[in-house]
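Pasted the sequence and its predicted model underneath.
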Amino acid sequence: MTSQARTGAALKLFQDAGHLAVDPPILQPANTFLDLTGEDIRRRLFLTNGPDGADLCLRPDFTIPVCRQHLEHGDAGRRADYCYSGPVFRQRAQGSGEIPQLGAESLGREDRDEADADMLGLAVAALDVFGIRERDIVIGDETLFASVLSGLELPAVWQRRLRDLFGETDKLTAAISRMAGADRSGDDTRDVRLGFLAALEGADPEAAHAVVEDLLSIAGISAVGGRTPSEIADRFLEQAALASGSGNHARAAEILTSFLAIRGNGADSLSALEGFAGETGLDLSDAIAGYRNRLDAIRARNIDPADLTFAADFGRRLDYYTGFVFEIHSRKADAGGQLVGGGRYDRLVKLLGAGAEVPAIGFSIWLDRIEKISGANR
Amino acid sequence: MTKLTIAIPSKGRLQENTHDFFGRAGLKVLQPGGARNYRGAIAGLDNVEIAFLSASEIARELAAGSVHFGITGLDLVHENITDPEANVHIVTPLGFGPADVVVAVPNAWIDVETMADLGDVASDFRNRHGRRLRVATKYVTLTRAFFARHGIADYRIVESAGATEGAPAAGSAELIVDITTTGSTLTANNLKILADGVILKSQAHLVASRNADWSDDALAGARAILDRVAAEEQARDTRLVKASVKDRGAALRAAEKLGASEPFPAADPSVLTLLCAKKAVADCAKILIETGGADTVTVETLEYVFKRENRLFEPLLDKVRT
């Protein structure tokens, strides 16, 4: 079979599973992507302008265009399964910026575990079509990390900092050691202000808030730079709390570090997670039950959990991903990245303008990487 | 054979400073037909051509390789050239046009002193305001790289062509990344620089393109220019020290420890003529008097110090020939 025929066969597989083939526009509003994925994507976008000066980009992925189209054609929460095949466009140092992709999305299914398993099963079946059987499947679950984090009774600011870094393990590890008080360098100016902050500590929070807000208004400062005095006062007091409590998070840091190190095959990791919950006394029962149900559903699709690799620190930085994530790599050859990337993004449709969150999961296959290793696989 | 083309700023203070810089090196920039002509020459150097360009164009032309040398700020090099290491070679700083590219926030943000604080505000901003924090700047590339280095992802860049410092007050952005020399414009606009918010310390540099056609002719032109530039730079930092000494050997040994050298040994053993770093001149004189037994030491400034080895040319040759 030619690679084109294989792509066609995989697409047919998706359609037979009930996914409607769609072909969203290549030209997309750039702002949507910059807002949803952050400024860092700008250097990878092919940008252009519309006749009215609007910033447009060539689609850098399929998920957002497919969801935008979904929103335009009826009730956001309706059940709909899509598939697609075509180029996405990303600036990169080497290779063409035009990258062929194939993939599927599933929106509106409330039976999340079953949907997760269906989509992983579909991705694996697609790789079968391409003759790729030597593969590593890595799975992760942000829900577990979120549960651990919220069980640690950390100040809100640390919860936010760490949550924002989940998926970028180097930065997350650095932040955790900073939280534990290992790195206090580069904070010279802070010490001077600590005195004042310490004086506020223990004061009635509302009174302290009012004092800071008053000071700002005496200085004639109203909402400069889009932040309100109240918001500035909030964070100023948060710093006071943080400064007095810093260094007391060593235990939390230890727990997080040992959680992030959990890694193993899908079946073993379940007992590892249960052991971790037992040792630390954290209530992870909901998150672990969710993880177990998903594994059961995956097993029912003839994928042995023992063939999966669970990594507690595996996640995606983009803030619309919400739970299950997976990647499939070639075990035999270096493809230059994952062959398949997928995950749950329940928050995306709402961020695109729907009234409420809509359960959604999808994956895309990097056909250029499959092409690159296809020689090694046959 | 292509001539050596040097791109220099076509207007403003940067242009005056550039002319002064070449003037000090004994190079006179000619602009036949006056300020409206975009091509010029250097008196007495037939294999050199001058292109008068705007400052930001210079960085782009260097990257494209359509000019050999350019005079431009480091800020523009890093903003407009992808992978500066691979595309250009920084020949030497020129000592003018100093300015910092900085992150500045409103004074009212008493809770924000460092980039880490800014990261906290950025990640909370969307919850509170339903949109991302906005940064006004013309330095899109520098900003993105710097914010990424500090782990800040929750922001949007608002491109600003001019008067960036007014953006927070005007409500078109929350903070700015801009270039500042004295900081007074920022202060006037109620903005403060974050403690670790200096992205780049810039000044005007002589920059070489690694992508230009470095023919023998162009290299000969470069050598001629850099000989004069290096000779002038060297002369600025060097003094000629003369003395009549009683103990020649001891005086010379002691002076050499200060880095002084005797390039022209005299036939008369009592005459000692040294080249000495400007900052070591007083110490050198003391040695000549105390150790050498000299009664009088004179120090002269020099116009040029030419050397066989050119410390600017050799690295250039290395970079453009690989």
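All right, it came through fine. Numbers count the residues shown, from 1 in each chain, chains lettered A, B, ... in the order given.

Please, where are all the helices along the stretch 1-150 of chain A?
Remark: helices assigned in the stretch 1-150 of chain A by DSSP state H, counting those that start in this stretch are A:3-16, A:30-37, A:63-72, A:112-129, A:142-150.

Just the buried residues of the fourth one, please?
Okay, so that is helix A:112-129. Taking 16 or more other CB atoms under 10 Å in any protein chain shown as the basis for neighbour counts, the residues of helix A:112-129 that come out buried are A:112-124, A:126-127, A:129. Using the backbone N, CA and C atoms, a C-beta is placed for each residue, glycine as well.

quick one: which of those is nearest residue A:278?
Closest approach between the buried residues of helix A:112-129 and residue A:278, by CB to CB: residue A:113, at 23.4 Å.

residue contacts, the closest one?
For residue A:113, the contact set (CB atoms under 8 Å, 6 or more residues apart in numbering or on different chains) comprises A:290, A:293, A:294, A:296, A:297.

I'd like those laid out as JSON lines, including distance to residue B:106, secondary structure and pLDDT.
Shown next, in JSON lines, are those (distance: CB to CB, whole Å; DSSP: H, G, I helix; E, B strand; the rest coil; pLDDT from 0 to 100):
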{"residue": "A:290", "distance to residue B:106": "44", "secondary structure": "helix", "pLDDT": "93"}
{"residue": "A:293", "distance to residue B:106": "49", "secondary structure": "helix", "pLDDT": "94"}
{"residue": "A:294", "distance to residue B:106": "47", "secondary structure": "helix", "pLDDT": "94"}
{"residue": "A:296", "distance to residue B:106": "54", "secondary structure": "helix", "pLDDT": "95"}
{"residue": "A:297", "distance to residue B:106": "51", "secondary structure": "helix", "pLDDT": "95"}
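
rewinding a little: would you point out the most distant pair within the buried residues of helix A:112-129?
The widest separation within the buried residues of helix A:112-129 (CB to CB) is 26.1 Å, between A:112 and A:129.

related to what we said a few turns ago, by neighbours, which of the contacts of residue A:113 wins?
By neighbour count, taken as other CB atoms under 10 Å in any protein chain shown, the most surrounded of those turns out to be residue A:294 (24 neighbours).

what about that residue, distance to chain B?
For residue A:294, the distance to chain B equals 28 Å [CB to the nearest CB, to the nearest Å].

what about the residue nearest to that residue when sequence neighbours are not counted, distance to residue A:364?
Distance criterion CB to CB, 6 or more residues apart in numbering or on different chains; nearest residue to residue A:294, sequence neighbours excluded, is residue A:113 at 4.5 Å. From residue A:113 over to residue A:364 the distance is 21 Å, taken as CB to CB, to the nearest Å.

same deal with residue B:99?
In this structure, residue B:99 and residue A:364 are separated by 45 Å, where distance is defined by CB to CB.

Which of the two has more residues huddled nearby?
Set side by side, residue B:99 and residue A:364 give different neighbour counts by other CB under 10 Å, the larger being at residue A:364 (22 against 18).

and that one, what does it touch?
Counting by CB under 8 Å, 6+ apart, the residues that residue A:364 touches are A:61, A:62, A:63, A:101, A:102, A:103, A:340, A:341, A:342.

Likewise for residue A:101?
Applying CB under 8 Å, 6+ apart, one finds that residue A:101 lies in contact with A:61, A:62, A:84, A:85, A:86, A:87, A:88, A:364, A:365, A:366, A:367.

what's the closest of those residues to residue A:156?
For those, the nearest to residue A:156 is residue A:61 (31.7 Å; CB to CB).

In space, what's closest to the residue in the stretch 251-378 of chain A that chain B sits nearest to - neighbours in sequence excluded?
When distances are taken as CB to the nearest CB, the stretch 251-378 of chain A reaches nearest to chain B at residue A:317, 6.9 Å away. Distance criterion CB to CB, 6+ apart; nearest residue to residue A:317, sequence neighbours excluded, is residue A:167 at 4.6 Å.

same check, this time on residue A:314
Leaving aside its chain neighbours, residue A:314 sits nearest to residue A:140 (3.2 Å; criterion: CB to CB, 6+ apart).

For residue A:151, give me the backbone phi and psi.
Here the main-chain torsion angles of residue A:151 (degrees, to the nearest 10) amount to phi -80, psi -10.

before we move on, what about residue B:122?
Per-residue torsions, residue B:122: phi -60, psi -40 (degrees, to the nearest 10).

okay, now residue 2: neighbour count?
With no chain named, the answer covers chain A. One way to gauge burial is a neighbour count; for residue A:2, by other CB under 10 Å, it gives 7.

my bad, the chain I had in mind was chain B
The burial metric for residue B:2, expressed as a neighbour count using other CB under 10 Å, is 15.

mind listing what it touches?
When the contact criterion is CB under 8 Å, 6+ apart, the partners of residue B:2 are B:213, B:215, B:217, B:218.

Can you classify it by secondary structure?
With DSSP: H, G, I helix; E, B strand; the rest coil as the basis, the three-state label of residue B:2 is coil.

cool, the one 3 residues further on as well?
Each residue gets one of three states, and residue B:5 gets strand by three-state DSSP.

Where does pLDDT dip in the stretch 151-300 of chain B?
In the predicted model of the stretch 151-300 of chain B, no residue satisfies pLDDT under 70.

tell me which parts of it are close to chain A?
Applying CB under 8 Å from any CB of the partner chain, one finds that the stretch 151-300 of chain B approaches chain A through B:151, B:153-157, B:168-169, B:171, B:173-175, B:190, B:195-196.

again, 6 Å this time
Those residues of the stretch 151-300 of chain B that sit near chain A, judged by CB under 6 Å from any CB of the partner chain, are B:151, B:153, B:155, B:156, B:157, B:168, B:174, B:195.

Spatially, which two of those are the most separated?
Going by CB to CB, the pair spanning those furthest: B:156 and B:195, at 23.7 Å.

Can you tell me the element the residue of the stretch 201-322 of chain B found nearest chain A falls in?
Checking the stretch 201-322 of chain B residue by residue against chain A with CB to the nearest CB singles out residue B:211 as nearest, at 16.3 Å. Secondary-structure element containing residue B:211, defined by DSSP states H and E: none, the residue being outside all helices and strands.

So it is in contact with residue B:67, correct?
No. With the criterion set as CB atoms under 6 Å, residue B:211 and residue B:67 do not qualify as a contacting pair; they are 10.0 Å apart.

Same drill for the two, tell me which one is more crowded.
More neighbours surround residue B:67 than the other of residue B:211 and residue B:67, with 24 against 16 (other CB under 10 Å).

Now do the same contact list for the more buried one.
B:5, B:7, B:51, B:61 (CB atoms under 6 Å, 6 or more residues apart in numbering or on different chains).
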